[in-house]
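>>> could you work out the structure for the sequence below:
(2 chains)
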2 protein chains.
Amino acid sequence: MHAEELARPYPTVGLDTDAAEAVRSLTERERPALIVVDELDHPVAVLPASQVLRGAIPRYVQDDPALARVIDESFADQMTAWLAGKTVADLMPTKRTPLPVVAPDDTVLEIAAVMAANRCPLVAVVEDGPDGPRFLGAVSAGELVARALPRV
Amino acid sequence: MHAEELARPYPTVGLDTDAAEAVRSLTERERPALIVVDELDHPVAVLPASQVLRGAIPRYVQDDPALARVIDESFADQMTAWLAGKTVADLMPTKRTPLPVVAPDDTVLEIAAVMAANRCPLVAVVEDGPDGPRFLGAVSAGELVARALPRV
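Numbering: from 1, shown residues only, chains lettered A, B, ... in the order given. Below is the predicted model of the structure:
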């Protein structure tokens, strides 16, 4: 069983996608991550939900979560306010992180190893082609387990 | 809006739960993490799916994901084989990690900050009581976003 067979269509967001819209898309079927693509549709980042949230909260709270405690409650409920006018580019981590991608012929074990090493519940399946990398779909940790660990 | 209102019942696993059974439970409604409790039902770990997978693959592949490539394919598909006879205790990270818990009166922003800091898509809501901490339920990143970012 290879990544190619496991890959499923997965919606992507662009760097200029509205941040609130992108964050909200995580709520659809409890999506585990956002796949961010560039203008050529090549994946540039896979952001797990926790890291999307990281980009969606004020920087001083990222740096010191304890500060969240001193913020006015009604404001603390308004993620909308922090995200207004921002794009996905603003949610990207400042530190460049490795892109969790696998090749179409990678095995279950290779996919699991990439997820584990990147602490990412989703990998992009990308095929190298003459026109550059082509995004084939994604595999989630849940799907991987379902295929690798059949119910007996 | 506080953690108490956001908390939902969430299944837990014990340290002596069968590893394959625990890993498989991630496939139910694409659960983002396992909540591991001790014999007193106190949460001792929240393991994101990627970290559960980490514990479910051979140690030499954890240390060097490239080694996954040299493993025989049919074996690489058999997560069952690696998990046979193991328990959740065997899946736990060797390095002690902070427990992503929030208090019942924590705000949306505090929950988001804990998820971001711990790279964890799920937090346990725990109440301090006379008999020790009491597990009230869990909040996932998707649920948090759905409540903090209502669709307009």
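
>>> A:Glu4 reaches A:Val102, doesn't it?
No - using Cβ atoms under 8 Å, A:Glu4 is not in contact with A:Val102, being 9.6 Å away. Quick note: C-beta positions are derived from backbone N, CA and C, even for glycine.

>>> which residues do the two both contact?
Shared contacts of A:Glu4 and A:Val102, defined by Cβ atoms under 8 Å, 6 or more residues apart in numbering or on different chains, are found at A:Val125.

>>> more neighbours: which of the two?
A:Val102 (24 against 15; other Cβ atoms under 10 Å in any protein chain shown).

>>> would you mind measuring from the more buried one to chain B?
10 Å (Cβ to the nearest Cβ, to the nearest Å).

>>> who does that residue bridge with?
Under DSSP bridges, the beta-bridge partners of A:Val102 are A:Val125.

>>> what of the one 5 residues further on?
Per DSSP bridges, the residues bridged to A:Thr107 are A:His2.

>>> from B:Ala33, how far out is it?
As defined by Cβ to Cβ, to the nearest Å, A:Thr107 lies at a distance of 24 Å from B:Ala33.

>>> more neighbours: which of these two?
More crowded of A:Thr107 and B:Ala33, by other Cβ under 10 Å: B:Ala33, with 26 against 23.

>>> who's the closest spatial neighbour of the more buried one, skipping the chain neighbours?
B:Leu122 (4.0 Å; Cβ to Cβ, 6 or more residues apart in numbering or on different chains).

>>> pretty sure that neighbour contacts B:Ser140?
Yes - contact criterion Cβ under 8 Å: B:Leu122 and B:Ser140 qualify, at 5.1 Å.

>>> tell me, what's touching these two both at once?
B:Pro32.

>>> please tell me how far A:Tyr60 sits from chain B.
The value you get for A:Tyr60 to chain B, if Cβ to the nearest Cβ is used, is 10 Å.

>>> neighbours around that residue, how many?
Other residues close to A:Tyr60 by other Cβ under 10 Å number 10.

>>> A:Pro104 now?
17.

>>> in contact with it, which residues?
Going by Cβ under 8 Å, 6+ apart, A:Pro104 touches A:His2, A:Ala3, A:Glu4, A:Ala7, A:Val125, A:Glu127, A:Leu136.

>>> can I have the buried ones of those as a ChimeraX selection?
Here is the ChimeraX command that selects the buried residues among these (16 or more other Cβ atoms under 10 Å in any protein chain shown):
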select /A:2,3,7,125,136
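
>>> so which of the contacts of A:Pro104 comes closest to A:Leu53?
Nearest to A:Leu53 out of these is A:Val125 (Cβ to Cβ; 25.1 Å).

>>> right, and that closest one touches A:Val102 too?
Yes - counting by Cβ under 8 Å, A:Val102 is a contact partner of A:Val125 at 5.7 Å.

>>> which neighbours do these two have in common?
A:Ala3, A:Val139.

>>> the strands in chain A, which residues?
Remark: strands assigned in chain A by DSSP state E are A:12-14, A:33-37, A:43-48, A:101-102, A:122-129, A:132-140.

>>> show me which positions of the longest one end up buried.
By that I understand strand A:132-140. For strand A:132-140, by 16+ other Cβ under 10 Å, it's A:Pro133, A:Arg134, A:Phe135, A:Leu136, A:Gly137, A:Ala138, A:Val139, A:Ser140.

>>> chain B versus the last one, what's the distance?
The reference is to A:Ser140. Distance from A:Ser140 to chain B, by Cβ to the nearest Cβ: 6 Å.

>>> where does chain A have its least confident helix or strand?
The weakest-scoring helix or strand in chain A, judged by mean pLDDT, DSSP states H and E, is helix A:73-76 (a mean of 65).

>>> and A:Leu34, how far from chain B?
11 Å.

>>> tally up the residues packed near that residue, please.
A:Leu34: 25 neighbours (other Cβ under 10 Å).

>>> give the contact list for A:Gln78.
B:Ala148.

>>> go again with 10 Å.
A:Asp72, A:Ala84, B:Val108, B:Leu109, B:Ala148, B:Leu149 (Cβ atoms under 10 Å, 6 or more residues apart in numbering or on different chains).

>>> tell me which two of these sit farthest apart.
A:Asp72 and B:Leu149 (18.0 Å).

>>> check A:Ile57 and give its pLDDT.
Per-residue confidence (pLDDT) for A:Ile57: 87.

>>> if we can go back for a sec, A:Asp72 and B:Leu149: who's more crowded?
B:Leu149 (21 against 10).

>>> isn't the more buried one up against A:Ala84?
No - applying Cβ atoms under 10 Å, one finds B:Leu149 not in contact with A:Ala84, separated by 11.1 Å.

>>> where do the contact lists of those two overlap?
With Cβ under 10 Å, 6+ apart as the test, B:Leu149 and A:Ala84 both reach A:Ala20, A:Gln78.
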